[in-house]
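[1] Sequence and predicted structure below; questions after.
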Amino acid sequence: MMRLFSLVAGCIATIVLSGCALQPMYAGGAQGAAAQVLAGIDVSPIQGRAGWLMANELRDRLSVAGGGAGRGEGASRYRLEVRLDDELEGLGLLSDDTIGRERRTLRARYQLVDTTNDTIVLDATAGSDVGIDVVSSEYAVIAAEQTALERLAGEVADRIITRLALMGRENQ
């Protein structure tokens, strides 16, 4: 009886999912719409340490997803301009009036510019935050803050690349 139920449920799920028009984002590999858009993006320099981290994360993801773009070659169809807002906020006051927890927030406003006519194709934001425990060792807190910034840069870069790939799929 349980086998019959599993078989019927599997058939129903197959029929329902086949009609929902879900498609892989990177369908077609390097010739797919998303990969073609990502391959034509060059990342403009971004100010500060957080900007350096973000630009490297974006270039790494573009080179993997798009087949070598994003390295500042100058012949790209699109230019990605990013402005960052990196904020570190103290939270959780302890009984001795010291901070027990911090929150690091990284927000990015990014614009994808078509270099053929300097028009803005996409104007969006992405961001994330993370909590940091403040301990008695100042070195440990500084290391935790830097690690948090590195992880946030990677997470925000993932969100930006996903949005750019979706735009490529929508415009196919």
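    Arrived safely, thanks for sending.

[2] give the contact list for the closest residue in space to residue 83 that isn't next to it in sequence.
    Take residue 83 and drop its neighbours on the chain: the residue closest to it by Cβ to Cβ, 6 or more residues apart in numbering is residue 109, 5.0 Å away. For glycine as for every other residue, the C-beta is placed from the backbone atoms N, C-alpha and C. Contacts for residue 109 (Cβ atoms under 8 Å, 6 or more residues apart in numbering) come out as 82, 83, 85, 123, 124, 125.

[3] what comes up buried for the longest helix anywhere in the chain?
    Secondary structure assigned by DSSP state H gives helix 138-170 as the longest helix of the chain. Of all the residues in helix 138-170, those buried under the rule 16 or more other Cβ atoms under 10 Å are 141, 144-145, 148-149, 152-157, 159-161, 163-165, 167-169.

[4] about what we covered before: how close does the residue nearest to residue 83 get to residue 162?
    According to Cβ to Cβ, to the nearest Å, residue 109 stands 16 Å off from residue 162.

[5] same thing with residue 118?
    25 Å.

[6] Likewise for residue 132?
    The gap separating residue 132 from residue 162 is 26 Å, by Cβ to Cβ.

[7] Tell me who's in contact with residue 125.
    Counted by Cβ under 8 Å, 6+ apart, residue 125 has contacts 107, 108, 109, 110.

[8] tell me which element residue 62 falls in.
    For residue 62, the host element (DSSP states H and E) is helix 48-66.

[9] rewinding a little: any idea which of the contacts of residue 109 is closest to residue 52?
    Taking Cβ to Cβ as the measure, residue 52 lies nearest residue 82 of these, at 11.5 Å.

[10] tally of neighbours for the closest one?
    Neighbour count of residue 82, defined by other Cβ atoms under 10 Å: 21.

[11] Make sure it is indeed in a helix.
    No: checked against DSSP: H, G, I helix; E, B strand; the rest coil, residue 82 lies outside a helix; its state is strand.

[12] Need phi/psi at the closest residue to it other than its chain neighbours.
    Among residues not flanking residue 82 along the chain, residue 110 sits closest, at 4.5 Å (Cβ to Cβ, 6+ apart). Dihedral pair for residue 110: phi -130, psi 150, per degrees, to the nearest 10.

[13] Could you pull out the buried residues of the helix or strand containing the residue nearest to residue 83?
    Using DSSP H and E, residue 109 maps to strand 99-114. Within strand 99-114, the residues scored as buried using 16+ other Cβ under 10 Å are 102, 104, 106, 107, 108, 110, 111, 112, 113.

[14] what pLDDT, on average, does it get?
    Taken as a whole, strand 99-114 carries a mean pLDDT of 93.
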